[in-house]
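Colleague: Have a look at this prediction, sequence included:
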Amino acid sequence: MLDAMRSEIEKGVSRHCNVPSHRDAVLEALRRPGFALHPEAQCRAGILTLEIYRAICGGLDAAAWHGAVAVELYQEAAFLFDDVADDDMDSALASNTATEIPLAISVMNCAVAAACDAAMASGADASGLLALQNMVRNCIAACAGQHMDATLALREASTTAEALDMTELKAGGCGRLAASFGAELATQDEELRRLFSDLGFNIFVYLQLLDDLRGAYPAKGAPGDLLQGKKTVPLAYFHGAASNRRAIGADDIMLRDYNDGGYRREFGDSGANTFGAVVAEAYLNQAKVNLADLSARLGSLDRLERLIESLEIGPQEIPSAQ
């Protein structure tokens, strides 16, 4: 499935990016570690779209594949924009903002073109157009989350409620995008569409919260989101865990403190990891409820059940800052 997904992504980019040198640059960007065409990439957005379409229709067709390419390319564009926003570009690639922004915009436009392909392949009625419209709305919601992420990073502190709102917009919007597009291409049943949209929302918020746990203050390597001033859920909890502790800004976090234990130990003692894991599990459990409701409507959904099981981590895998 992953090999087929990558092949369709490459074909989609080649079809819609028609300047050869730029097309090659876009494909090369998508082959970087963590991106869709890298051998270890999971392409979770695209695979979720495919599995939802299959669950409803019993198989895959051109609309399903175009739809999966669309949502996966949108996700990849978001990753590229994230790297620019976080100043996390690979110096070995001789990349900078001036080179990365056109690549990100091109990937996003390839996503839009692939979404139009999916809408046209889905049939002559208005359902494909409505699916496309809703996809764009979910893109806007995810962009609102990205904007909120950047805005919160400029502030000295944020509440866990604000951090969670941002996560729901940013990651939840991407989850709704992937799940809703697959469902809306496959069926006009509004209840099924809603349930699948909620499923995607809860899965992607869960995954983002796990990523935030891993990135908050890693036990190995360079300091992560705390040094960058991020206001993710675990970091918002860390800043507000004890009212008698002075506010901790990114400028306070020195590499020496990190290597000597310093704030890394204080982060672990704050309970931020446990809090973040509990919140993440709540979204995972809600995703399982969504899947149970869908199974009651559609029958056994083994492939989606296995997909969710593959994402779940145990308590022993929660990153430790000790």
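Modeller: Yes, it's here. The model shown is predicted, which means the values in this text are computed figures rather than measured ones.
Colleague: so residue 75 touches residue 173, yeah?
Modeller: No: using CB atoms under 8 Å, residue 75 is not in contact with residue 173, being 11.0 Å away. Where C-beta positions appear, they are placed from N, C-alpha and C, glycine not excepted.
Colleague: out of those two, which sits in the more crowded spot?
Modeller: residue 173 (25 against 22; other CB atoms under 10 Å).
Colleague: what sits against the more buried one?
Modeller: Shown in contact with residue 173 (CB atoms under 8 Å, 6 or more residues apart in numbering): 138-145.
Colleague: That one: what's its closest spatial neighbour, skipping adjacent residues?
Modeller: residue 142 (3.2 Å; CB to CB, 6 or more residues apart in numbering).
Colleague: Which helix or strand contains that neighbour?
Modeller: Using DSSP states H and E, residue 142 sits in helix 127-153.
Colleague: avg pLDDT for that helix?
Modeller: Averaged across helix 127-153, pLDDT comes to 87.
Colleague: residues in contact with the nearest residue to residue 101 once chain neighbours are set aside?
Modeller: Sequence neighbours aside, residue 84 is the residue nearest to residue 101 in space, at 6.4 Å (criterion: CB to CB, 6+ apart). Residue 84 is in contact with 97, 100-101, 104, counting by CB under 8 Å, 6+ apart.
Colleague: Also residue 281?
Modeller: residue 206 are the contacts of residue 281 under CB under 8 Å, 6+ apart.
Colleague: show me where the stretch 201-322 of the chain has helices.
Modeller: With helices called from DSSP state H, counting those that start in this stretch, the stretch 201-322 of the chain shows them at 233-240, 255-259, 262-269, 272-298, 302-311.
Colleague: which of the residues in the longest one are buried?
Modeller: So the one you mean is helix 272-298. By neighbour count on 16 or more other CB atoms under 10 Å, the buried set for helix 272-298 is 272-273, 275-277, 279-281, 283-284, 286-288, 290-291, 293-294, 298.
Colleague: where does residue 256 land on pLDDT?
Modeller: 42.
Colleague: what does residue 64 give?
Modeller: 95.
Colleague: Quick check: which element contains it?
Modeller: Taking DSSP H and E as the criterion, residue 64 maps to helix 62-85.
Colleague: so after that helix, what's the next helix or strand?
Modeller: Following helix 62-85 toward the C-terminus (DSSP H and E): helix 97-121.
Colleague: so the helix or strand hosting residue 197 versus helix 272-298, what angle?
Modeller: Residue 197 is part of helix 190-216 when elements are defined by DSSP H and E. If you take axes from the mean of the first three to the mean of the last three CA atoms, to 10 degrees, helix 190-216 sits at 160 degrees to helix 272-298.
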